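what's the 3D shape of this:
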Amino acid sequence: QVQLVESGGGLVQAGGSLRLSCAASGSIVSLNGMGWYREAPGKQRELVAAMLSGGSTNYADAVKGRFTVSRDNAKNTVYLQMTSLKPEDTAVYYCSAFLRTSYYSGSYNQYWGQGTQVTVSS
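Okay, here's the model as predicted:
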């Protein structure tokens, strides 16, 4: 069993900052990409930022220059530092990880956290 546990969401005024954390635990053999998605009311879930195990990153255009993704591989933890927050950043943020749980299979599967609410007031 694998668990992704998120923390750090909340309510913040526009221009403020928040830091999200997500720790993966359980029967993890190997962990590849970790990142964050968000889902606003009435919209599809979208990628916000992700980091591969080698350190390369990918950001949505809407958050470039404001959000920073990082990870601690020793702790199987990924972070999202969000600055200069805008009301349009309001969404439920989901942690995601591609990981392998079996020594007998090379397949990586995507796992999700339960989501954490981020609300930015104007």
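
When you work out contacts or count neighbours from here on, use the C-alpha atoms and nothing else.
Noted.

distance of the residue sitting furthest away from the middle of the chain from Val29?
In terms of distance from the mean C-alpha position of the chain, Tyr104 ranks first, at 27.8 Å (CA atoms, centre = their mean). Separation of Tyr104 from Val29 (CA to CA, to the nearest Å) stands at 10 Å.

overlap in contacts of the two?
The contact sets of Tyr104 and Val29 do not overlap (CA atoms under 8 Å, 6 or more residues apart in numbering).

For Val92, list the residues it contacts.
Counting by CA under 8 Å, 6+ apart, Val92 makes contact with Arg38, Glu39, Ala40, Gly115, Thr116, Gln117, Val118.

If we use 6 Å, what do you get?
Contacts for Val92 (CA atoms under 6 Å, 6 or more residues apart in numbering) come out as Arg38, Glu39, Gly115, Thr116, Gln117.

ditto for Ile28
Counting by CA under 6 Å, 6+ apart, Ile28 makes contact with Thr101.

pLDDT score assigned to it?
Listed pLDDT for Ile28 reads 91.
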